[in-house]
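J.: no sequence on this one, just coordinates:
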């Protein structure tokens, strides 16, 4: 059986990396012996190194540049790929760059096309249409198309909703990974019940954490911290654009000042040593802004590390305050007391599904004093906080479906 995974991002976002890792693992569990291909947005060599037995190629539409010209190139390449799917016009695919032509061919040859797990079906940028195009291209060929556990929405523009409804209603299954997406798909997009599957975030089933002590010690030395010397406040930040804010600059500054206030308090009150971990390297600029606003020393891990190593580092946290949600999952999988700052609905609703709704706040309503109060409660009884997280994770894993379950239905 030939499986083609589309809409995968790359290795630079360690959350996306873990989701793709788990997607590949669950395909192998459900469909032993399957030949797997994957169209990826960036850095094929890094993905190939992580999964040498998967055939990686470039996402259709990639332009290799930015700016207005890039969007025209993307549209042109998508149009070529779409026209090439018309019987008798397959020769048009020869005009695509070789790696994108390879993606087109693998979609055409697949038995099942899987849209990678994640949270990219929302109309905040043009990539939304590129993602739907890859799903549609599999449908145009007539192959089975499954969306691995997804966050879908918000989709605010009426034309964008119509396109999403038209594409997603023709899939074999759409796995909604939290109640927000389930409600949005069923009640707003009005998708037929036959395509909807309730699932959990795939990262909760990925247990790949590095046990290489030497590698972890080298990473801590590079960061400049001895993890045995005292408690650690682990953090992640996000370089969020606050797209719905009336004053974007003020909203970003409030986030910076709020993070700094929490870090200063917890460090001064409890001797917690603050480390900002690197889930997405594009957030390092925001990390620098937070550090500059703090009155206590804060360390930043500037190295892009594979997810298993990052998870081993995060697991040493005494408390974890995360904005990037998969870093929060990494912390919770290690049963670390965790508090999340939600910049997209996925964070709030997955925590609600976990029964941990009190452990999050929307980024637009970030009140540092309320966050400090929550972290103080955890510090007052760390064993109880860890037990609460462990029980929630174990319950979630028992009550939510996985991509593997859907694939086994399809096998």
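T.: Everything's here; your move. If you're wondering where the values come from, they're calculated on a predicted model, not measured in any experiment.
J.: Show me the shaky parts of this protein.
T.: For the chain, the stretches flagged by pLDDT under 70 are 410-411.
J.: Spell out the residue ranges of the strands in it.
T.: Assigned by DSSP state E, the chain shows strands spanning 2-8, 35-40, 55-58, 112-115, 118-121, 144-152, 173-176, 196-198, 232-236, 273-276, 298-300, 319-322, 338-342, 360-362.
J.: so can I have TSV of those showing mean neighbour count and distance to residue 290?
T.: For every residue, glycine as well, the C-beta is placed using N, CA and C. Putting the strands of the chain into TSV (neighbours: other CB atoms under 10 Å; distance: least, CB to CB, whole Å) gives the following:
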stretch	mean neighbour count	distance to residue 290
strand 2-8	26	30
strand 35-40	24	31
strand 55-58	21	34
strand 112-115	27	34
strand 118-121	24	23
strand 144-152	26	26
strand 173-176	25	33
strand 196-198	18	36
strand 232-236	26	8
strand 273-276	24	7
strand 298-300	20	7
strand 319-322	26	11
strand 338-342	26	12
strand 360-362	19	17
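J.: quick one, which of these is nearest to residue 70?
T.: Between residue 70 and the strands of the chain, the shortest separation by CB to CB is 14.3 Å, and it involves strand 55-58.
J.: The closest one pairs with which strands, parallel or anti?
T.: strand 35-40 (parallel) (DSSP bridges).
J.: domains of this structure?
T.: Annotated domains of the chain cover 2-206+400-410, 213-380 [automatic domain parsing].
J.: Please report phi then psi for the residue of the chain most remote from its centre.
T.: What lies farthest from the middle of the chain is residue 88; by CA atoms, centre = their mean that is 38.3 Å. Dihedral pair for residue 88: phi 90, psi -10, per degrees, to the nearest 10.
J.: hang on, the earlier thing: what's the closest of the strands of the chain to residue 263?
T.: Nearest of these to residue 263, taken as CB to CB: strand 273-276 at 4.8 Å.
J.: count of neighbours near the residue nearest to residue 65 when sequence neighbours are not counted?
T.: Excluding its sequence neighbours, the residue lying closest to residue 65 (CB to CB, 6 or more residues apart in numbering) is residue 73, at 7.5 Å. For residue 73, the neighbour count with other CB atoms under 10 Å is 16.
J.: With residue 329 instead?
T.: 27.
J.: Please apply the same query to residue 225.
T.: By other CB under 10 Å, 19 other residues sit near residue 225.
J.: same thing with residue 307?
T.: Residue 307: 26 neighbours (other CB under 10 Å).
J.: Next up, the contacts around it.
T.: Taking CB atoms under 8 Å, 6 or more residues apart in numbering, we find residue 307 in contact with 14, 17, 18, 21, 206, 208, 330.
J.: try residue 362
T.: With contacts defined as CB under 8 Å, 6+ apart, residue 362 is in contact with 341, 342, 343, 348.
J.: need the contact list for the second one.
T.: If you count contacts by CB under 8 Å, 6+ apart, residue 342 has them with 325, 348, 351, 360, 361, 362, 363.
J.: Run a quick neighbour tally on residue 127.
T.: Residues within reach of residue 127, counting by other CB under 10 Å, total 18.
J.: One more: residue 409?
T.: Neighbourhood size, residue 409 [other CB under 10 Å]: 13.
J.: Over to residue 168?
T.: For residue 168, the tally of surrounding residues (other CB under 10 Å) stands at 25.
J.: Pull up the gap between it and residue 47, please.
T.: From residue 168 across to residue 47, the span is 26 Å (CB to CB, to the nearest Å).
J.: Repeat that for residue 337.
T.: Residue 337 is 33 Å from residue 47, by CB to CB.
J.: of the two, who's got more company?
T.: residue 337 (26 against 21).
J.: Dihedrals phi and psi, that one?
T.: phi -60, psi 120.
J.: didn't it look like it was pressed against residue 382?
T.: Yes: between residue 337 and residue 382 there is a contact under CB atoms under 8 Å: 6.6 Å.
J.: what's the overlap in contacts for these two?
T.: Common neighbours of residue 337 and residue 382, using CB under 8 Å, 6+ apart, are residue 318.
J.: all helices for the stretch 101-250 of the chain, in order.
T.: For the stretch 101-250 of the chain, the helices defined by DSSP state H, counting those that start in this stretch cover 127-141, 158-168, 179-183, 213-223, 248-270.
J.: Inside helices: which ones of the contacts of residue 307?
T.: Counting by DSSP state H, the contacts of residue 307 place 14, 17, 18, 21, 330 in helices.
J.: Neighbours of the last one, how many?
T.: By the measure other CB under 10 Å, the count of residues near residue 330 is 33.
J.: any idea how far residue 243 lies from residue 123?
T.: Taking CB to CB, one finds residue 243 at 11 Å from residue 123.
J.: Of the two, give the one with the bigger neighbour count.
T.: Taking neighbours as other CB under 10 Å, residue 243 and residue 123 compare with residue 123 leading, 19 against 9.
J.: what's the residue nearest to residue 366 when sequence neighbours are not counted in contact with, if anything?
T.: Nearest residue to residue 366, sequence neighbours excluded (CB to CB, 6+ apart): residue 258, at 4.7 Å. Residues in contact with residue 258, defined by CB under 8 Å, 6+ apart, are 366, 367, 368, 371.
J.: quick one on the thing from earlier: hang on, isn't the residue nearest to residue 65 packed against residue 60?
T.: No: counting by CB under 8 Å, residue 73 stays clear of residue 60, with 11.6 Å between them.
J.: Return the distance of stretch 74-85 from the chain's centre.
T.: Distance of stretch 74-85 from its chain centroid, counting by CA atoms, centre = their mean, to the nearest Å, is 27 Å.
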